[in-house]
Every structure is written in structure tokens, then in C-alpha cells.
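K.L.:
Turn this into a structure:
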Amino acid sequence: MKERYLIHWAWIITATCFVNLFINYSVRLGYSVVLPEMIRDLGFNRTAGGSIFNAYLFSYILITPFTGYLTDKYGGRLVISICCFILGAGVILMGTVKELWEACVFYAIVGLGATGMWTPIITLVQRWFVINRRGMALGILSTGYGFGFAFMGIGFPWIVNHLNWRYSWYFLGIAALFMVVINAIFLRSSPELKGFLPWGQKEPIVFIKSEDKLDSGTINLSGVFKEKTFWLIGLSYTCISYSLYGITTFMVDYAKYQLVMPLEKASLLATIHGICQIIGVLTILPLSDYLGRRKTIIISNSFITASLIGIILAGHSWAPFYFLVGIMAIFYGATFPIYGACAGDYFKKEVMGTVIGTWTLFYGSGAILVHWVTGILRDTTGNYDQAFIIDSAMAVLAVFLIAAVKNSKY
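P.N.:
Okay, here's the model as predicted:
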């Protein structure tokens, strides 16, 4: 007999995954907030700072396709729980860093853990909702990384003033380890395993009695990598990833050293960024359920392009910079989940995790490239102007690539 619950288990899944994203993106996006103080204390230059983040990204993008495949094969509950433990251990180690190689190795471990904090999570959540409610669900879920970024923007200056930058890693690492237990208790890999319909679905389904076990047969990927749509979306993802990370990772450093703002005001950018992300995911992602992912991405990437060009034209004026970062962040917040949602719209659910995981290679290649290019240009020219011009050009290319994609067939 089916158990009765006060609320649909899809919302328990969403709430649990929200906390995972909050912690993960406090770690990931918070790096840009920690960066200026960390490299100053350790004597690193900006190229080294970019290299540390690239160590994370190398680990993240190389392993994520396998994490996505394992999610399709064994379910999100197991993958997310294991990766959350690795994430927590790596973040605590980041608080012990003294040398550049240590920072690179430890942040690579963090990247390994983070492979379970995005692809498996959005794959899992999409499976718990019908297709025309996934944008809404991902919008609610994705406020987690907006709150994470906002938290770091407010909390990091306090930690620096009362303790030091290392404790920001310690606190986040302990929180991640705590979530290992929560994930094991509350996550389930599909609604059928709890005897539920996906939220929003009215047709009956057959209840699967075996506990948290998906079909582990061969996953058919035939034809997926031959489709033009797969490559167009992936390449667009590369370009928009390049442009967004080129600004976001270095914006606090840009504000502090190029615009000569105090740390408290520079760090406030992270809070503005985080709050505006929340606005974006709660509006743009639900809108994509009605407009379609392709059209919504075209609109979003166009606004990102305009914001980046505006930042260049604003020069050394910090007030317009605040405003334009906020506008960009509204669409930044929706970018990653909406590209992920394309996997559910353009490909069958049995390969959803694998497709999202493989697209991470495209996303990661853009992010890795921009950290090196931006770090080198900043160290050689003494400013971020040339790097930001390249960011804008990549955003323009992202618009044209996604515009070439046909409408969803599912």
C-alpha cells in the first residue's frame, strides 16, 4: 500500500537539493570573493589565482560526464551523497593551503566532489517534475546558488575581520559533510521508487517496489552525439560560460584594484550578484516553460551581451558597474539550469544525465580558457579592459549559436 505524505516528495527532493546547491556554490562562486585576500596573504599573482580555479575546473569537467552517466545508471541519491563527502573533505583542506600546488590539488578535489552537486542534482529534480513544470522547479532550486553567492558577499568580510579567510573554507566544509547524512535520508532517484507520479502528472504509473534501484542496463546513446542540436547547444554553452566567468571570477578583484574600492564595497558585488541571480531564476526559468528554452536562452544571452558591453563603456565608474553586474546576474542565474533543461527537452530522459554531464565539457572548456586568458592579460597589461572585450565577443557568438538550434521535439 502506498504511503501517504503531507506534501509531494518532489518538494522534499527540491529542498534537499537546494541546500546542496547553496553550500556548493558558496564554495564555487565564493572563490571570487575569497580570491583577493587569499592571493594577497599567500603572495600569489592573478595568473596563479586563475590556475587554482582551473585545477577545480579540470577535475570538474573531466569527471562530470562519468558522473552524469552514473546518475543515469545508478541514480542520483548514491552519486550525490558520495560526491558531497568528497566536496566537504576538499573544502576543509583548502583552509590549510600554504603553497600554490596545495591549493591546486585541494581545489581539484573540491571540483571532483562538485561533479555531484550540479549534473546529478538537476537530472534528479527534472525526473520528479513533468516537462512543463521543470523550469519552475529548476528556478526554485537554483535560488540556492544565488543565496550562496550572496551569503559569501556578506559573510566573508566579517570572517576576514574577526578570524581570517581560512575559516570560510572550514565552515563550508563542515556544512558539506553534514549534508552527506541528509542526502542519504531524503533523496530518492525517481518518483516511482516512492510510489509517486512526477509532480504535475495525472496519469497512473506502476509502483516500483525495489528500494532506490534504477534499471542498470545498457544506456543507449546511439545518435545523441551525431545530432547537430547537441553540438550547437554545447558550443553556445562554451561561449556564454567563457563570457560569464571572465567577469564573475575577477569582478571583486577588478573593483578593488582597478576601480579602487574598499574590500567591503567590492565584496558587496557578490551580494548584489547573488540577489539578482535569485530574481533571475525565479522569473526567467518559469518563463522558459512557456516561451521555450531556445527562445529564452536567446533573450538571456542577448541581455548578458549588452551588460558586458556596458561594463566596458562604463570605464572606471563604479556605480554603473554595480548596476550592470546586477543586470548580468539576473540572466547569469538562469543560464546554467536552462542549458541543463535543454537536455530534458531535446533528448530522452534515459540519457538526460549523460547529456548534461557531457555538455559540462563544453561549459568547462570556456571557463578554463577564460581564467587563463584573463589572468595573463591582467598581469601583462595591468587592467581587465582587453579581457572584458573578449568576454563580450564570446557572448555575441553564444547568441548566434543557440539561434541556429531548432525548437524542441519532446
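K.L.:
Find out how far stretch 44-63 is from the centre of the chain, if you would.
P.N.:
With C-alpha atoms, centre = their mean, to the nearest Å as the basis, stretch 44-63 stands 15 Å off its chain's centre.
K.L.:
buried ones in that stretch?
P.N.:
Using 16 or more other C-beta atoms under 10 Å as the test for burial, stretch 44-63 gives 44, 46-63. (Glycine included, C-beta is placed from N, CA and C.)
K.L.:
Quick check: buried residues in stretch 375-389?
P.N.:
Buried-residue list, stretch 375-389, by 16+ other C-beta under 10 Å: G375, L377, R378, Y384, A387, F388.
K.L.:
right, and the last one touches I311 too?
P.N.:
Yes - counting by C-beta atoms under 8 Å, F388 does reach I311; the two are 6.1 Å apart.
K.L.:
any shared contact partners between the two?
P.N.:
Both F388 and I311 are contacted by I247, under the criterion C-beta atoms under 8 Å, 6 or more residues apart in numbering.
K.L.:
ok so, going back, adding pLDDT, distance to L112 and secondary structure, write the buried residues of stretch 375-389 out as CSV.
P.N.:
Below are those laid out as CSV (pLDDT from 0 to 100; distance: C-beta to C-beta, whole Å; DSSP: H, G, I helix; E, B strand; the rest coil):
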residue, pLDDT, distance to L112, secondary structure
G375, 83, 23, helix
L377, 90, 29, helix
R378, 87, 28, helix
Y384, 86, 30, coil
A387, 91, 28, helix
F388, 89, 31, helix
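K.L.:
could I get those residues as a markdown table with distance to A334?
P.N.:
As requested, the buried residues of stretch 375-389 are exported to a markdown table (distance: C-beta to C-beta, whole Å):
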| residue | distance to A334 |
| --- | --- |
| G375 | 27 |
| L377 | 28 |
| R378 | 28 |
| Y384 | 25 |
| A387 | 24 |
| F388 | 22 |
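K.L.:
okay, the strand or helix carrying A103 in PDB with CA atoms only?
P.N.:
Assigned by DSSP states H and E, A103 belongs to helix 100-114. C-alpha atoms of helix 100-114 as PDB (Å, rounded to 0.1, in the frame of the first residue of the first chain):
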ATOM      1  CA  LEU A 100      50.300  27.000  -4.800                       C
ATOM      2  CA  TRP A 101      50.500  23.300  -5.600                       C
ATOM      3  CA  GLU A 102      48.500  22.500  -2.400                       C
ATOM      4  CA  ALA A 103      45.800  25.000  -3.500                       C
ATOM      5  CA  CYS A 104      45.600  23.400  -7.000                       C
ATOM      6  CA  VAL A 105      45.500  19.800  -5.700                       C
ATOM      7  CA  PHE A 106      42.900  20.600  -2.900                       C
ATOM      8  CA  TYR A 107      40.700  22.600  -5.200                       C
ATOM      9  CA  ALA A 108      40.800  19.800  -7.700                       C
ATOM     10  CA  ILE A 109      39.400  17.500  -5.000                       C
ATOM     11  CA  VAL A 110      36.700  20.100  -4.400                       C
ATOM     12  CA  GLY A 111      36.000  20.000  -8.200                       C
ATOM     13  CA  LEU A 112      35.700  16.200  -8.000                       C
ATOM     14  CA  GLY A 113      33.100  16.500  -5.300                       C
ATOM     15  CA  ALA A 114      31.300  19.300  -7.100                       C
END
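K.L.:
what does the average pLDDT come to for that helix?
P.N.:
Helix 100-114 carries an average pLDDT of 93.
K.L.:
Please name every helix or strand in contact with the next helix-or-strand element following that helix.
P.N.:
Sequence order places helix 119-127 as the next helix or strand after helix 100-114, per DSSP H and E. With contacts defined as 3 or more C-beta pairs under 8 Å, 6 or more residues apart in numbering; DSSP states H and E, helix 119-127 has these neighbours: helix 9-28, helix 46-74, helix 76-94, helix 134-162, helix 318-346, helix 352-381.
K.L.:
Now do the fourth one against helix 119-127, angle only.
P.N.:
Spelled out, that is helix 134-162. Going by axes from the mean of the first three to the mean of the last three C-alpha atoms, to 10 degrees, helix 134-162 is angled at 140 degrees with respect to helix 119-127.
K.L.:
With the longest one instead?
P.N.:
Direction vectors for helix 352-381 and helix 119-127, defined by the same axes, to 10 degrees, enclose an angle of 140 degrees.
K.L.:
now swap in the fifth one and tell me
P.N.:
Our comparison of helix 318-346 with helix 119-127, counting by the same axes, to 10 degrees, yields an angle of 60 degrees.
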